[in-house]
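[1] Here's a sequence, model it:
(4 chains)
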Protein chains: 4
Amino acid sequence: MKKTIRVGLIGTGFMGRTHTNAYRQVGQFFDTPFEIELKAVCSRNAANAERFAQHWGFEGFETDWNRLVKRNDIDLIDIASPNDTHAEIAIAAARAGKVVACEKPLGRNLAESRAMVDAVSAAGVANMVWYNYRRVPALTLVKKLVDQGFFGRVFHYRSKFLQDWTMSADLPQGGAGTWRLDASVAGSGVTGDLLAHCIDAALWLNGSISEVTGTTETFIKERHHAESGRREPVNVDDASAFLARFANGSLATFESTRYARGHKALFTLEINGESGSIAWDLHDLHRLQLFDYRDDGSMRGWRSIHITDGDHPYMDAWWVPGLQIGYEHTFIHQVADFLNGLGDGTVTVPDFKTALETETVIDAVLSSAKSRQWETVAQR
Amino acid sequence: MKKTIRVGLIGTGFMGRTHTNAYRQVGQFFDTPFEIELKAVCSRNAANAERFAQHWGFEGFETDWNRLVKRNDIDLIDIASPNDTHAEIAIAAARAGKVVACEKPLGRNLAESRAMVDAVSAAGVANMVWYNYRRVPALTLVKKLVDQGFFGRVFHYRSKFLQDWTMSADLPQGGAGTWRLDASVAGSGVTGDLLAHCIDAALWLNGSISEVTGTTETFIKERHHAESGRREPVNVDDASAFLARFANGSLATFESTRYARGHKALFTLEINGESGSIAWDLHDLHRLQLFDYRDDGSMRGWRSIHITDGDHPYMDAWWVPGLQIGYEHTFIHQVADFLNGLGDGTVTVPDFKTALETETVIDAVLSSAKSRQWETVAQR
Amino acid sequence: MKKTIRVGLIGTGFMGRTHTNAYRQVGQFFDTPFEIELKAVCSRNAANAERFAQHWGFEGFETDWNRLVKRNDIDLIDIASPNDTHAEIAIAAARAGKVVACEKPLGRNLAESRAMVDAVSAAGVANMVWYNYRRVPALTLVKKLVDQGFFGRVFHYRSKFLQDWTMSADLPQGGAGTWRLDASVAGSGVTGDLLAHCIDAALWLNGSISEVTGTTETFIKERHHAESGRREPVNVDDASAFLARFANGSLATFESTRYARGHKALFTLEINGESGSIAWDLHDLHRLQLFDYRDDGSMRGWRSIHITDGDHPYMDAWWVPGLQIGYEHTFIHQVADFLNGLGDGTVTVPDFKTALETETVIDAVLSSAKSRQWETVAQR
Amino acid sequence: MKKTIRVGLIGTGFMGRTHTNAYRQVGQFFDTPFEIELKAVCSRNAANAERFAQHWGFEGFETDWNRLVKRNDIDLIDIASPNDTHAEIAIAAARAGKVVACEKPLGRNLAESRAMVDAVSAAGVANMVWYNYRRVPALTLVKKLVDQGFFGRVFHYRSKFLQDWTMSADLPQGGAGTWRLDASVAGSGVTGDLLAHCIDAALWLNGSISEVTGTTETFIKERHHAESGRREPVNVDDASAFLARFANGSLATFESTRYARGHKALFTLEINGESGSIAWDLHDLHRLQLFDYRDDGSMRGWRSIHITDGDHPYMDAWWVPGLQIGYEHTFIHQVADFLNGLGDGTVTVPDFKTALETETVIDAVLSSAKSRQWETVAQR
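    Presented below is the predicted three-dimensional model:
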């Protein structure tokens, strides 16, 4: 008999949708020890909350997250609201003994993030952060290759996340759709938003980063506010780039921007090792580019591996070879892994503690952008 | 208030799964006039039927499709069982006044297919055939281009569907997983299975085919039967290719096979017109390759259009630009379109009548493979 | 000490240029037993011949090829003039005891081609046909793979040659630049021009073709003549496609056209074998796509092999890894091979006899286009 | 009547070969005011010099570059010897009133480079530096786009040059084939070798660089010397990366390495502007990737422009559309441009003065790698 896990979701935006879709679908495709009950969704706007609850099949709704967190009929609090709410909610949920799932990044800054880790640790509650790209089958396969020693000594790592959606000077800042352009809500611009994904994957695949030197830029200096209409200085970074050295001796370049015309969500990563290399990008997430130096000399080349076979990670749950999956499946995979971890009492990464390492790198990058020097990445 | 449409599904295999997934998801992403109720699923094997019903949320199950078809609490019969059952079930369902959705192809041959069209026509019931690839957003966009006259006069059409899953001589024929290798069940091999998709898309995008000359091949002549274990002659075509002339004067090549090592489900199509060309393939279904001769001379090139924007067909229902969808979404789109058509009383193509044209082409191809001559495609 | 080979070239068009460039460069990059002397070039137009001779470094020129063929100071006659001159010149040159190099195809038709083979055979002179694409390093590597049994049993072969340069209705026919649109000069349209390349490569890589069924099309039915200005019926095929069966049991599709908008010289070929596949195209001639089924299951993919390494065919003669060569190098390679063959008395393929097999296939294709039936390919 | 320019070449290695090939071929494909006479080649090793002279058609040879520089029958001194000889020879050649062509980079360091610029300036002699990639037709087209304002405001520039040829620990340093691993000869490692190309193209296409922060790495710390056989510390940078800000406000990342497994000579560059983007790489040098934001919304995509048409830069001199050129053609183009510049008295870039700007950036990068801070790029 399956146990039941009762979910309370906070946030009805893009991430509220993808998380909910994952909860609804996981049981059809993955066998986990849990049945999910969508208990309640929370949004400050009651009409909004009710509409979301009805559409997505939540039993009810709340307008105050404090009430949601305190409800006895809820086991898991999922935080899909803007970044400025993450710490407060996560800490309250942990204290209330809830399992906590938090959309990335942890907090708006390192201090908030540390407090979040301390809270779940003190409470001893299971927790995870939605760095969903770890569950792209192609990247899960890369992790297996890393663990098998496929690469030998690693020399280079490079990663980018390029978008172009904020290039119009007419786009406002602040407000529901554009809170990512307001540092008081988001914490930072592309660094905490896009580079966070690059860094999380890098730490997972290539180990710790020792030191960084970075820079940020705000190309459009003033925008009108979505709510007030007033023109105000833009306080987030539109672009962010840094050089890094990993503990394993490899050298890295990282870059993210929302001003790369022609790239919508081009998250890329590449690893160059002694005996092989891989490259991947989100625009064709079901393909892995792989170079194996052990192949015969004149026959070496970059392989385009179409990650749709039953022996590729997660893919036996889906269709048949040649038929690809999409973006939302990464969330379904993460829920499946997390439920399995809950079932057997193991930690599913990235948990809060793991995700904190990404925050320490972000903090070092933003510090370096100010100090204009290399910054050592804090141990915690 | 939405109306309810009560679904009875026959077949619990791969297509039973994709259809059901579409029924379950359509309401979350598309606004149609109907709520879907998954009423009953039917499989000859009771345990199998029950398990499927429980897993996918059908209220109940049947083991005899005749009983299902006669139930008064069912509005739509969805036929996802092997090809040899399509005609009999579809005709019975039409006579029972049900809406009929049938997995492609129609029947095992032209006679069965004609009888199916006659039945739904006589009964006046709504109907559709699951040629799902028409709902790949990239291909829907191509159809819009066709309708807008983007191509000018069309000179060439080419399409292939290449797989490699039956290349092992150890693979059996017949039985649950391999009925596609048994002509008495499937009707034909790759011609009715894979080429059917190529032909359906071609007729939709480029109009009627006038005449064809084709050939088929069975590379492995004997296989053991999955159930009896006996070695028996293989009676399906492993490969099929034909040349064609369209009514619009364009020349075409078509090919399908299950012996193209390295290609899992490589459905491709290309149109060359006076003022532009397009190419597409299923392995990267969210990309459209387009050449526009109207571009400035020295700047002309094939564009790789990443079909993930809100102004691309169907894509405003999904995620954000740059984030792709997968195979199963095409079925969801088809259900959405069909339900909308049911709502406003319009025909959603391909209905049975439309799909019959594909059968006439298949029939001509198979006839030509025998006669070794060009064959005119029958008018109906 | 190197011997000297004295060249007399007929034709000052595009092919006159590429052949001459090859003669001039071969000695810098390949070590062969011969020094080449560019003795004389022949064109009916004296001014043209003189200009070409001066520009490209020929000692002198002729305006009558009969005179050239009879000169005692010439060892090799290279025929780079339009197709209607090939047979007559080649036969005369053979009778005069010259080595003969002939631009492809052999003659305008099978009868002319056979007479050419008979002439060089009777005269016992060395000879070759400029099917230059055999000397693309990537294709030479494919030939090595074929010879090593890389593919196992071959199931499929497909090849196309797509262009778009004659799509304008304003393009004239006949005359210096457009003799390829005049069947009395060219013999046929794309069949003898483009498909000839596809067929030559196919016979070389996959063995004999047993039978074919084909069709041709002339999209623009009338054009003005380049010289007379009169509108006249177009008598060449603008497009040509055929299905084929090889002696090794594999099935093939071939297609060529000058009406494929967006493709300039897209010569492609693909082989699907039991244990591997390859694909190549002329637009990226320095890349070979290769699928090796012997790779580990979950790591299989199409490799893009960048054919620029010293251990790739011909490439040790050129630059360093990563730096590609271009189109004209294939001619240089062919001269190098031919001179080496002359030196050690071995036949360099394709010689006239080998190239005749391509003519028999072309003849069968054109016959089939008329008979609308399968045609057996003649033995000679 | 054409004038004659008499060339004296110093260096018989890889670059001696590519320059000479360019001198030999330019007259066949480009109409310039000059005939080139290959007068003498110089190498310290007499046998080597003589062999090179004979093979490539130089009239004679020298073993002492001082003698070559002083010869009255030579107009142009081409320096294709290792970096440690560039300054001394160039200065002497300038003082002797010769036209000077120098392989990149200028000197081993900024001081040497400045002295070289001063020398040619004082002498008033024409001069150029072989940054050959400016003459890749695709990049010349990008320059045209820049000049036409295609991009609008530029936000990002990124460039890499990745190789893997020095990854083996068994590779020696110093000596004829591996002097690039000896800083006393080369000046620096990949920074002056590979990044120099990236920087030259960047300055040309995107204007001045204001400041940089960079880092370098030597992965293999000791190698045996090619001549002495002794193990010695490696003193060149194996990898080098930097962040940069351009005067136009754009942000950039640059990286080069010889430890990127799978990449042979992957020189890449990308520009992201307000109204469009381009990307290019050397492994497919005849293709330009271009994104034009002015295209219709739902039809936007990255175009792969096959740079083989007559209206593409330099391409009317070569073959026909669809047929590509290779690496060595860039040198031929550069000679053609330089000769034309000599003819009409205009400066052909990059001359020494232009190339000095690249040296100032290199100097700032190497300084930053030591200071671990941002460094301002010197004005000269």
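
[2] Please make it C-alpha for all contacts and neighbour counts, starting now.
    OK.

[3] could you pull out the helices for the stretch 251-380 of chain A?
    Along the stretch 251-380 of chain A, counting by DSSP state H, counting those that start in this stretch, helices occupy A:329-344, A:352-371.

[4] Can you give me the buried ones in the longest one?
    Just to be clear, that refers to helix A:352-371. The neighbour-count check on helix A:352-371 (16 or more other CA atoms under 10 Å in any protein chain shown) flags A:352-369 as buried.

[5] ditto for stretch A:371-380
    For stretch A:371-380, a neighbour-count test (16+ other CA under 10 Å) marks A:372, A:373, A:374, A:375, A:376, A:377 as buried.

[6] biggest separation within the residues you listed, which pair?
    A:372 and A:377 (14.8 Å; CA to CA).

[7] Surely residue A:22 is within a helix?
    Yes: with DSSP: H, G, I helix; E, B strand; the rest coil as the criterion, residue A:22 is located in a helix.

[8] burial count for the nearest residue to it once chain neighbours are set aside?
    Nearest residue to residue A:22 in three dimensions, chain neighbours excluded: residue A:332, at 4.3 Å (CA to CA, 6 or more residues apart in numbering or on different chains). Residues lying near residue A:332 (other CA atoms under 10 Å in any protein chain shown) number 25.

[9] is it true that residue A:332 touches residue A:23?
    Yes: the pair residue A:332 / residue A:23 is scored as a contact, 7.0 Å apart, by CA atoms under 8 Å.

[10] least trustworthy helix or strand in chain A by mean pLDDT?
    In chain A, no helix or strand scores lower on mean pLDDT, DSSP states H and E than helix A:183-186, which sits at a mean of 90.

[11] elements contacting the helix or strand containing residue A:145?
    Per DSSP states H and E: residue A:145 is located in helix A:137-147. If you count contacts as 3 or more CA pairs under 8 Å, 6 or more residues apart in numbering or on different chains; DSSP states H and E, helix A:137-147 packs onto helix A:196-206, strand A:276-281.

[12] What helices and strands are in contact with the first one?
    Of the remaining helices and strands, those touching helix A:196-206 by 3+ CA pairs under 8 Å, 6+ apart are helix A:137-147, strand A:154-162, helix A:352-371.

[13] got the angle for that helix vs helix A:137-147?
    40 degrees (axes from the mean of the first three to the mean of the last three CA atoms, to 10 degrees).

[14] ok, now which ones touch residue A:145?
    With contact taken as CA atoms under 8 Å, 6 or more residues apart in numbering or on different chains, residue A:145 is in contact with residue A:151.

[15] Distance of it relative to residue A:313?
    As judged by CA to CA, to the nearest Å, residue A:145 and residue A:313 stand 12 Å apart.

[16] Over to residue A:91?
    From residue A:91 across to residue A:313, the span is 33 Å (CA to CA).

[17] go on, residue A:346?
    Between residue A:346 and residue A:313 the computed distance is 19 Å (CA to CA).

[18] cool, and residue A:108?
    Using CA to CA, residue A:108 is found at 33 Å from residue A:313.

[19] cool, residue A:331 as well?
    Separation of residue A:331 from residue A:313 (CA to CA) stands at 14 Å.

[20] Name the residue in these two with the higher neighbour count.
    Using other CA under 10 Å, the more surrounded residue of residue A:331 and residue A:313 is residue A:331, with 25 against 20.

[21] wait, doesn't the more buried one sit right on residue A:135?
    Yes: using CA under 8 Å, residue A:331 is in contact with residue A:135, at 7.4 Å.

[22] quick one on the thing from earlier: save the helices and strands packed on helix A:196-206 as TSV, and put in mean pLDDT and distance to residue A:41 too.
    Below are these laid out as TSV (pLDDT from 0 to 100; distance: least, CA to CA, whole Å):
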stretch	mean pLDDT	distance to residue A:41
helix A:137-147	98	30
strand A:154-162	98	31
helix A:352-371	98	22
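
[23] Residue A:228: which of these is closest?
    Residue A:228 lies closest, by CA to CA, to one member of the helices and strands packed on helix A:196-206: helix A:352-371, at 28.6 Å.

[24] packing partners for the helix or strand residue A:115 falls within?
    If you go by DSSP H and E, residue A:115 is part of helix A:110-123. With contacts defined as 3+ CA pairs under 8 Å, 6+ apart, helix A:110-123 has these neighbours: helix A:86-95, helix A:352-371.

[25] and the direction of whichever strand or helix holds residue A:16 versus that of helix B:14-29, what angle?
    Applying DSSP H and E as the criterion places residue A:16 in helix A:14-29. If you take the same axes, to 10 degrees, helix A:14-29 sits at 160 degrees to helix B:14-29.

[26] Helix A:14-29 packs against which elements?
    strand A:34-42, helix A:329-344.

[27] Now these in JSON lines, please, with extra columns for distance to residue B:287 and mean pLDDT.
    Formatted as JSON lines, the helices and strands packed on helix A:14-29 follow (distance: least, CA to CA, whole Å; pLDDT from 0 to 100):
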{"stretch": "strand A:34-42", "distance to residue B:287": "35", "mean pLDDT": "98"}
{"stretch": "helix A:329-344", "distance to residue B:287": "19", "mean pLDDT": "98"}
